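Chemist: compute the structure for the input listed below.
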Amino acid sequence: MSLDAVLSRIDTDLPQALDRLSELLRIPSISTDPAYKADCAKAADWLVEDLKSLGFEAASRPTPGHPMVVAHGGSGDKHLLFYGHYDVQPVDPLNLWERDPFDPEIQDTAKGRVIRGRGSSDDKGQLMTFLEACRAWKAIHGTLPGKLTIFLEGEEESGSPSLIPFMQENAAELKADIALICDTGLFGDNTPAITTMLRGLLGEELTVHAAKKDLHSGSYGGAAANPIHILAKILGNMTDEQGHITIPTFYDGVTELPDNIRAQWQSLAFDHAKFLGDVGLSIPVGEQDRTPLEMIWSRPTAEINGMWGGYTGDGFKTVLPAQAHAKISFRLVAGQNPDAIRDNFRAWFEAQLPADCSVEWKGHGNSPAGVMAIGNPAFESARQALTDEWRVPAAYIGCGGSIPIAGYFKTYLDMDAMLIGFGRDDDQIHSPNEKYDLECFHKGIRSWARILEKLT
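Modeler: As a prediction, the model looks like this:
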């Protein structure tokens, strides 16, 4: 009955919860732009005061960049850490917004009521679902729901430069039994999900050098090496006709999906025709012996993100360029070593260069993939709690993108992470007119209350 009382309190206090979220959304905490440094600090301070009002010992902790918010409270045998981020994406292009990005508003739409504003879904609305669950719990019980650490970052949208050093320096303080991350979403519109697979990322930039200067194609065409031809030919060989990546040893360490996860994914009835149709495509490419869902969640990729060289301005210039450039990204899965992939790709590329050409490399960092330990009983407990709230069986899903913080918790704190979020695909999180559905905010708060009841 105590859980019912907490859920009832959440329902009653929803208008006040939305007021608090709106107050936080009005702070333009854009971490990438130095002009908003003071606003990032203001957002951190706002959260500190809110956490203190819930009974946490909270502080804004300085870093070389924007502050970290760290709070501790409650007691119990199980220690949970909750992570979120209070910084937001820039708002450009501003002219595409229907209203001031930092003047949030509740709006009625064809799909239901939403709160519109930058950060409403990514990640202020999501992190506030957890804090509001704690608020309702304390209002009913007089205490926080177990032993909790809150860890809120202010640089997630700008590469998290201060995150790893801070985690290393404060490892003993941050270490908990499990981390909870609310920066993901539902599957479709109504299926709650726990993300258990995250692809890693490797970024490479390269420049092929040929002649010592640009050449006239009439004088040198056919005799001189054209670096754009060379670059296109080599990169065109990265995949075969079946969509398999041809770089030697690329698939070393890649394992097959467990049968129980494969069965869950099949039960989701993923509509790849609609998925591609929504962006004007119809035919899946990539590995032809894999389903589209497997390809975007559990298989590695090699993609050309940009390629340029020569004259690209108005009019026409018959030039053989001296250089050609490309940016390549690899999405990696569990078992793949990003450093080995980089070394093998570079060696594979260089082996195909003509003798009088050279290549210059620029790395753009890498992070390994992550697979969560779903054998931990906390995962099934949380999955049941989500099922109870949404009245739809919760699923373990993959994520085609990368969320490095989950891997950092494992690497630097030896702590598993559980990724649970309530965003929807149409939230426009990095685009103009970002929104968060009121249903997701409301049921997200209720979901965390149910999860906390089971985990503490």
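Chemist: closest to the centroid, which residue in this structure?
Modeler: Geometric centre of the chain, nearest residue: residue 403, 4.2 Å, by Cα atoms, centre = their mean.
Chemist: tell me which residues touch the nearest residue to it once chain neighbours are set aside, please.
Modeler: Nearest residue to residue 403, sequence neighbours excluded (Cβ to Cβ, 6 or more residues apart in numbering): residue 198, at 5.3 Å. All C-beta spots, glycine's among them, are computed from the backbone N, C-alpha and C. Contacts for residue 198 were tallied using Cβ atoms under 8 Å, 6 or more residues apart in numbering; they are 369, 370, 371, 398, 399, 401, 402, 403, 406, 407, 419.
Chemist: mind pulling the model confidence for residue 198?
Modeler: Note for residue 198: predicted pLDDT of 91.
Chemist: is it bridged to anything, and to what?
Modeler: In this entry, residue 198 is beta-bridged to residue 370, residue 399, by DSSP bridges.
Chemist: what do you get for residue 360?
Modeler: Beta-bridge partners, per DSSP bridges, of residue 360: residue 207.
Chemist: that one against residue 207, yeah?
Modeler: Yes: under the criterion of Cβ atoms under 8 Å, residue 360 makes contact with residue 207 at 4.4 Å.
Chemist: which of those two has more neighbours?
Modeler: residue 207 (16 against 11; other Cβ atoms under 10 Å).
Chemist: quickly note the distance from that one to residue 320.
Modeler: Here the criterion is Cβ to Cβ, to the nearest Å. By it, residue 207 lies 16 Å from residue 320.
Chemist: now swap in residue 17 and tell me
Modeler: Taken as Cβ to Cβ, the span from residue 17 to residue 320 is 63 Å.
Chemist: who has more neighbours out of those two?
Modeler: Neighbours were counted for residue 17 and for residue 320 using other Cβ under 10 Å; residue 320 has more, 25 against 20.
Chemist: around the closest residue to the more buried one other than its chain neighbours, count how many other residues there are.
Modeler: The shortest distance from residue 320 to any non-neighbouring residue, by Cβ to Cβ, 6+ apart, is to residue 215 (4.1 Å). When neighbours are defined as other Cβ under 10 Å, residue 215 has 20 of them.
Chemist: ok, residue 215 - contacts?
Modeler: Contacts for residue 215 (Cβ under 8 Å, 6+ apart) come out as 224, 319, 320, 322.
Chemist: for those, which two are the farthest from each other?
Modeler: 224 and 319 (11.2 Å; Cβ to Cβ).
Chemist: what about residue 180, distance to residue 294?
Modeler: 27 Å.
Chemist: so between the two, which is more surrounded?
Modeler: residue 180 (22 against 18).
Chemist: domains of this protein: list them as residue ranges, please.
Modeler: With domains defined by automatic domain parsing, the chain comprises 2-198+369-455, 200-254+300-367.
Chemist: next, format those domains as a markdown table and append distance to residue 278.
Modeler: Output for the domains of the chain, formatted as a markdown table (distance: least, Cβ to Cβ, whole Å):
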| stretch | distance to residue 278 |
| --- | --- |
| domain 2-198+369-455 | 9 |
| domain 200-254+300-367 | 19 |
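Chemist: okay, these, which one's buried deepest?
Modeler: Of all those, domain 2-198+369-455 carries the top mean neighbour count, a mean of 20, counting by mean count of other Cβ atoms under 10 Å.
Chemist: and it, how far apart are its ends?
Modeler: 15 Å (Cα to Cα, to the nearest Å).
Chemist: and if you look at stretch 320-340?
Modeler: For stretch 320-340, the end-to-end distance is 34 Å (Cα to Cα).
Chemist: start the count at 22, not 1, going forward
Modeler: Understood, numbering begins at 22; the last thing we discussed is stretch 341-361.
Chemist: let's test this: mean pLDDT of it, rounded?
Modeler: pLDDT averaged over stretch 341-361 gives 96.
Chemist: one step back: distance of the residue nearest to residue 424 from residue 392?
Modeler: 8 Å.
Chemist: what's the answer for residue 84, then?
Modeler: Taken as Cβ to Cβ, the span from residue 84 to residue 392 is 29 Å.
Chemist: and if you look at residue 226?
Modeler: For residue 226, the distance to residue 392 - Cβ to Cβ - is 28 Å.
Chemist: before we move on, what about residue 378?
Modeler: Going from residue 378 to residue 392 by Cβ to Cβ gives 40 Å.
Chemist: again with residue 140
Modeler: From residue 140 over to residue 392 (counting by Cβ to Cβ), the distance is 29 Å.
Chemist: what of residue 473?
Modeler: 25 Å.
Chemist: by mean pLDDT, which helix or strand of this protein comes out lowest?
Modeler: Every helix and strand in the chain was compared by mean pLDDT, DSSP states H and E; the lowest is strand 391-392, with a mean of 86.
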